[in-house]
Every structure is written in structure tokens, then in C-alpha cells.
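> no sequence on hand, only this structure:
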């Protein structure tokens with residue numbers, strides 16, 4: 001006896017052994033017979049058969065037998081004729097019927113009329129010309145004899161208990177009827193049969209004993225010593241366990257929650273804002289001129305409903321207008337144009353979360369430490385690194401004595417908690433000065449990559465809001481961070497709901513790597 005066969009026999013479940021013994025006694029035994037002879041239920045028999053089949057011990061054959069009978073509609077057609085037959089009977093006498101008189105002349109309802117016309121054309125019994133139905137030569141020929149599908153109806157009517165097979169001369173008519181709705185009832189009966197394979201025959205030649213084997217121990221068995229006399233079913237410790245795909249957060253949600261936790265641990269409070277915002281808060285409050293390219297239709301989603309939004313109090317609006325036009329008392333000369341309230345009232349889907357920062361500054365007194373994580377919208381063309389909606393993270397600190405050094409220190413601490421080495425380089429943003437871009441180092445690529453922007457908010461932003469203390473702000477895109485974290489080359493992968501990728505994204509203690 002080979003070691004493989006010996007090992008296989010030792011691992012057989014008692015139900016598998018019982019099934020094999022039944023097949024040894026009667027190779028033609030059915031699942032029902034095996035269940036009756038062994039006291040097993042059908043479910044256990046089929047489960048054991050499936051297990052034996054997976055080990056190449058037996059083959060399981062599945063046979064489906066169909067029985068066809070007439071529905072109530074089918075019986076009606078068998079007794080009184082198909083809709084196209086009713087029309088043909090009238091055409092055989094009148095030769096033609098106006099379309100408007102069809103249902104009344106043939107005694108069919110409007111629902112059947114469309115079906116009948118389709119089959120009349122398919123059978124070439126009639127043709128339609130200028131709203132009139134005319135009988136064809138083939139139709140005249142069939143006026144006094146049955147079509148093959150009608151013969152099938154008669155056959156099924158005669159065999160009311162159902163028909164399993166059709167003779168060759170009726171097969172074409174049967175196929176036509178299966179293409180029509182609500183005529184045939186189809187009853188399916190599934191049966192299974194088993195066949196011993198060479199490996200199964202060898203196992204039976206070697207032989208085995210059928211007796212109960214313990215797979216679990218109870219407290220009582222351990223307590224009273226029964227465990228000593230039990231026979232145990234062996235386990236293959238090298239067998240592959242099934243892969244379990246437990247529920248988990250989406251990779252983007254993991255990063256969002258991680259960022260929120262970092263901010264909260266650093267003493268920040270959270271603000272969320274709204275998806276729909278006025279152009280005032282989205283652009284004007286950030287000292288972005290009203291003729292700036294980013295405010296064009298090709299970059300921003302403007303809304304028809306609501307078409308406009310309310311502006312904040314008049315004093316803020318007036319100071320913002322003066323700052324745009326001539327710099328007001330900020331020391332700037334502004335943008336030197338006539339600022340428009342109508343443009344500021346326009347409704348937009350927010351293009352960034354920075355507008356949340358200016359609104360927060362206006363509504364709260366310093367000291368302020370605020371962050372926001374939210375979805376933003378831009379008219380971007382879909383490609384491997386752009387989407388029309390994505391997530392941004394915003395951080396804001398405002399207090400007496402806040403400086404550019406505080407900005408760099410805050411950024412270093414924030415990115416350190418994200419697990420990145422960081423460096424800075426000068427940059428330009430319309431609402432900050434000094435401004436910087438943050439770069440992180442990727443060891444696997446041995447290169448630096450830009451991940452976010454930051455800066456000290458300009459007086460032109462702060463003064464209209466009533467803020468006389470310095471403020472720093474910084475932000476980054478979550479999708480870009482996710483692409484780096486999960487080594488994704490195409491940003492669209494983050495939103496494709498690719499179940500294979502989502503399952504395989506590795507986690508450690510529930511946190512994505």
C-alpha cells in the first residue's frame with residue numbers, strides 16, 4: 001500500500017467511507033439509495049461526494065431532466081388558436097384587413113396584435129402595405145393546415161402530464177414555442193450519479209474500517225478520561241486553509257482616518273464646510289481675482305440650482321471688494337479692477353478646502369488650530385492622475401507670534417507622523433506669502449516627490465476677515481498620498497471598486513501598509 005493511499009484513507013471522513021462502501025456494493029447506487037442504506041441525509045451524501053470528487057476518488061455526474069407542459073395561456077392557444085392563426089383565418093376569407101380593424105376582426109386584444117404581426121411576418125403568412133395586411137401565397141397554403149408549432153401545442157394538450165422529449169418532426173415547432181413567452185411550463189428535475197475512479201477502486205481494495213472518530217473533545221471527555229480510548233481523525237497540518245476576506249475599511253478611508261487622528265492628537269479641531277459654496281468664499285476671500293483662469297468654466301463647476309448664494313455681512317464684502325480693487329489698508333495695491341458682487345454670488349462646487357479656512361477664521365476668534373478633510377470638485381479630464389472629484393486636507397493655525405518657522409515645524413511633525421522624511425522648497429500660491437511646497441522622500445524610488453503646499457496667509461486674506469494675527473495654512477491631496485502608500489500608478493484604481501485589489505491591499509492590525 002502506497003503512503004499516499006494510506007494517508008488518504010486515514011483522512012477520510014466517516015461519511016466518505018460509508019459512501020465508498022455503498023458504491024463498492026452497488027456501483028449504480030443513487031444518492032437516495034445511499035442515504036436510505038446508511039442513515040445519512042441527502043445533504044450529507046452530496047457533501048461527502050463532493051469531498052471525494054475533490055480528491056479524485058469518485059466522479060459526480062449531474063443530470064437535469066426537463067418536463068414541458070402548457071401554461072394557462074398555452075392551453076388557451078391550443079384550444080382556440082394562436083393570435084396569428086386567428087388573423088390568418090380571417091385573411092383566408094377577406095384576403096386583406098386594415099390595421100385599424102385588425103383586433104376586432106380577428107377577435108384578439110391589442111397586446112396580442114403586436115405579437116401576432118411579428119409571427120405573421122416571420123412565418124411569411126401575411127405582409128403589410130400602407131396600413132393594410134394582405135395574405136401571402138404561403139399564408140393561403142397554411143390556411144387549412146397546421147404549422148409545426150401548432151402541432152406541438154396539440155401534442156402537449158393531449159399529454160397534459162408533461163412531455164420530456166419531442167420527436168424530430170416536432171423539434172422545430174418546440175424551438176419556436178420556447179421563443180415565445182408564457183406558453184410553456186418547464187419543470188426541471190436534477191439527479192446525480194457517482195462513478196468510482198482508479199484511486200477509489202484502490203482504496204476499496206486496500207480496505208478500511210468504519211467507526212466513529214473524534215474531531216472535538218468535550219469537557220466531560222477530558223474530565224472523566226474518555227479521551228484516552230477515543231480514536232481521533234488525523235489532520236493534515238500542511239493542508240491549505242481557505243482564504244478569508246474579512247470586511248475592512250476602504251484604503252482611502254484608512255488614510256482619512258489616520259490623518260484625522262494625527263490632527264486631533266496635535267490639538268486641532270475639525271471643520272467640514274459644504275460641497276456647494278459661493279464664489280466669494282471659494283475664490284474672493286482668498287484674494288483670487290475674479291478674472292483668474294481657475295475661475296473659468298473649464299476649471300470650475302458652476303451650478304444652475306441654486307444659481308446664486310447669499311453673501312456674508314456687508315462689512316466683510318466691502319472690505320474684500322476694496323482689497324481686490326486697491327489693496328485697502330493691507331499695504332497692497334490690489335488687483336486694480338472693479339470687483340463684482342454678482343460674480344461673488346455665483347454658486348460653485350468647491351474647488352478646494354481652503355475656503356473652509358477663511359470662513360473658519362471669520363467665524364472664530366484666535367487662537368485657532370483647525371483642520372478639514374473633504375471632497376473637492378474640478379473640471380478635470382479623466383486620466384491616470386486626474387479625476388473631477390478628489391479629497392483635500394487643510395490645516396490652519398492662527399495666533400499671536402505665529403511665524404514661518406512654526407509653519408515648517410508643524411509640517412515636519414505632521415509628515416513625520418505620516419511616516420515621511422520631508423524637505424521644503426519655495427513656491428507661489430495666490431493667498432499665501434511666504435509659500436512653500438512640501439516634498440517627501442521615497443526610498444524605494446530614491447527620489448523626492450511633491451505632496452502638498454503651505455504658506456503664511458497674506459494680509460489681503462486676513463484683514464477683510466478681521467484677523468490681525470498671523471496665520472499659517474497647509475494642505476495635501478489624499479489621493480496622491482494613497483497612490484504613494486499603496487504603490488498605485490493610476491488614480492482611477494482608488495475608485496474602481498476592484499474587489500481583487502481591495503482584498504489584497506495588505507493590512508497590519510487593521511491599518512493599511
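Sure, I can see it. These numbers were taken from a predicted model, which means no experiment stands behind them.
> give me the contacts around stretch 275-285.
290, 292, 294-295, 303, 306, 308-312, 317, 320, 324, 339, 343-352, 355, 358-359, 362, 374-375, 377, 461, 464-465 (C-beta atoms under 8 Å, 6 or more residues apart in numbering). Glycine gets a C-beta too; all of them are placed from N, C-alpha and C.
> how about 6 Å then?
Contacts of stretch 275-285 with the rest of the structure, by C-beta atoms under 6 Å, 6 or more residues apart in numbering, involve 295, 309, 311, 320, 344, 346-348, 350, 355, 358-359.
> list the buried residues for that stretch?
Along stretch 275-285, these residues count as buried under the neighbour rule (16 or more other C-beta atoms under 10 Å): 276-285.
> TSV for those residues, including secondary structure?
Formatted as TSV, the buried residues of stretch 275-285 follow (DSSP: H, G, I helix; E, B strand; the rest coil):
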residue	secondary structure
276	strand
277	strand
278	strand
279	helix
280	helix
281	helix
282	helix
283	coil
284	helix
285	helix
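> now the strands for the stretch 251-400 of the chain?
Residue ranges of the strands in the stretch 251-400 of the chain, as given by DSSP state E, counting those that start in this stretch, are 269-270, 276-278, 347-349, 368-377, 389-398.
> so what touches the shortest one?
Which is strand 269-270. For strand 269-270, using C-beta under 6 Å, 6+ apart, the contacting residues are 370-371.
> what's the answer for stretch 161-175, then?
The contact list for stretch 161-175, computed with C-beta under 6 Å, 6+ apart, reads 67-69, 148-149, 151-152.
> and the pLDDT at the nearest residue to residue 227 once chain neighbours are set aside?
Setting aside the residues directly before and after it, residue 227 is nearest to residue 221 in space (C-beta to C-beta, 6 or more residues apart in numbering), at 4.9 Å. On pLDDT, residue 221 comes in at 85.
> over to the one 10 residues further on?
Predicted confidence (pLDDT) at residue 231: the value is 76.
> leaving out the residues flanking it, which one is nearest to it?
residue 213 (5.2 Å).
> wait, isn't the one you found in contact with residue 233?
Yes: the criterion here is C-beta atoms under 6 Å, and residue 213 meets it with residue 233 at 4.0 Å.
> coming back round to it: how deep is the residue nearest to residue 231 tucked in, by neighbour count?
15 (other C-beta atoms under 10 Å).
> cool, the one 5 residues further on as well?
Neighbouring residues of residue 218 were enumerated by other C-beta under 10 Å; the total is 11.
> what's the spacing between it and residue 226?
8 Å (C-beta to C-beta, to the nearest Å).
> part of a strand, is the residue nearest to residue 227?
No: assigned with three-state DSSP, residue 221 falls outside any strand and is helix.
> what sits up against stretch 464-482?
Outside stretch 464-482, the residues within contact range by C-beta under 6 Å, 6+ apart are 252, 255, 316, 319-320, 323, 357, 361-362, 366, 390-400, 402, 407, 411, 451-452, 454, 456-457, 491, 494.
> restricted to buried residues, select these in PyMOL.
In PyMOL, this line selects whichever of the contacts of stretch 464-482 come out buried by 16+ other C-beta under 10 Å:
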select buried, resi 252+255+316+319+320+323+357+361+362+366+390+391+392+393+394+395+396+397+398+402+407+411+451+452+454+456+457+491+494
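> the closest residue to residue 256 other than its chain neighbours pairs with what?
The shortest distance from residue 256 to any non-neighbouring residue, by C-beta to C-beta, 6+ apart, is to residue 373 (5.5 Å). With DSSP bridges as the criterion, residue 373 is bridged to residue 393.
> run a quick neighbour tally on residue 373.
21.
> quick check: it touching residue 392?
No: contact criterion C-beta under 6 Å: residue 373 and residue 392 do not qualify, at 7.7 Å.
> now do the shared contacts for these two.
Common contact partners of residue 373 and residue 392 (C-beta under 6 Å, 6+ apart): none.
> not counting stretch 293-300 itself, show me its contacts.
Contact with stretch 293-300 is made by 283, 348, 351, 379, as judged by C-beta under 6 Å, 6+ apart.
> neighbour-wise, which of those leads?
Sorting those by how many neighbours each has (other C-beta under 10 Å) puts residue 283 first, at 27 neighbours.
> do you know how far that residue is from residue 292?
As judged by C-beta to C-beta, residue 283 and residue 292 stand 7 Å apart.
> what sits against residue 346?
Taking C-beta under 6 Å, 6+ apart, one finds 279, 302 in contact with residue 346.
> low pLDDT regions in the stretch 151-300 of the chain?
Residue ranges of the stretch 151-300 of the chain with pLDDT under 70: 236.
> can you map out the helices along it?
Applying DSSP state H, counting those that start in this stretch to the stretch 151-300 of the chain gives helices spanning 168-178, 198-206, 219-224, 251-265, 279-282.
> got a markdown table for those helices, with distance to residue 15 too?
Compiled in a markdown table, those are given as follows (distance: least, C-beta to C-beta, whole Å):
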| stretch | distance to residue 15 |
| --- | --- |
| helix 168-178 | 40 |
| helix 198-206 | 15 |
| helix 219-224 | 22 |
| helix 251-265 | 43 |
| helix 279-282 | 69 |
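> low-confidence ranges in the stretch 1-150 of the chain?
Along the stretch 1-150 of the chain, the parts satisfying pLDDT under 70 run over 1.
> tell me where it has strands.
Applying DSSP E, counting those that start in this stretch to the stretch 1-150 of the chain gives strands spanning 58-70, 96-98, 126-129, 132-135.
> list the buried ones in the last one?
Just to be clear, that refers to strand 132-135. Neighbour counts over strand 132-135 (16+ other C-beta under 10 Å) mark 133, 135 as buried.
> which elements pack onto that strand?
Packed against strand 132-135 by the contact rule (3 or more C-beta pairs under 6 Å, 6 or more residues apart in numbering; DSSP states H and E) you find strand 96-98, strand 126-129.
> so what strands line up beside it?
With DSSP bridges as the test, strand 132-135 is paired with strand 96-98 (antiparallel), strand 126-129 (antiparallel).
> quick one: which of the ones you listed is nearest residue 207?
Judged by C-beta to C-beta, the one of the strands paired with strand 132-135 that comes nearest to residue 207 is strand 126-129, at 74.2 Å.
> state the distance from the residue nearest to residue 335 when sequence neighbours are not counted to residue 386.
Of all residues not flanking residue 335 in the chain, residue 289 sits nearest, at 4.4 Å (C-beta to C-beta, 6+ apart). Note on residue 289: its distance to residue 386, by C-beta to C-beta, is 25 Å.
> of these two, give the one with the bigger neighbour count.
Each of residue 289 and residue 386 has its neighbours counted (other C-beta under 10 Å); residue 289 has more, 17 against 13.
> distance check, that one against residue 334.
Separation of residue 289 from residue 334 (C-beta to C-beta): 9 Å.
> next one: residue 11
Distance from residue 11 to residue 334, counting by C-beta to C-beta: 84 Å.
> cool, residue 484 as well?
39 Å.
> tell me how far the ends of stretch 211-230 are from each other?
Stretch 211-230 has an end-to-end distance of 11 Å (C-alpha to C-alpha, to the nearest Å).
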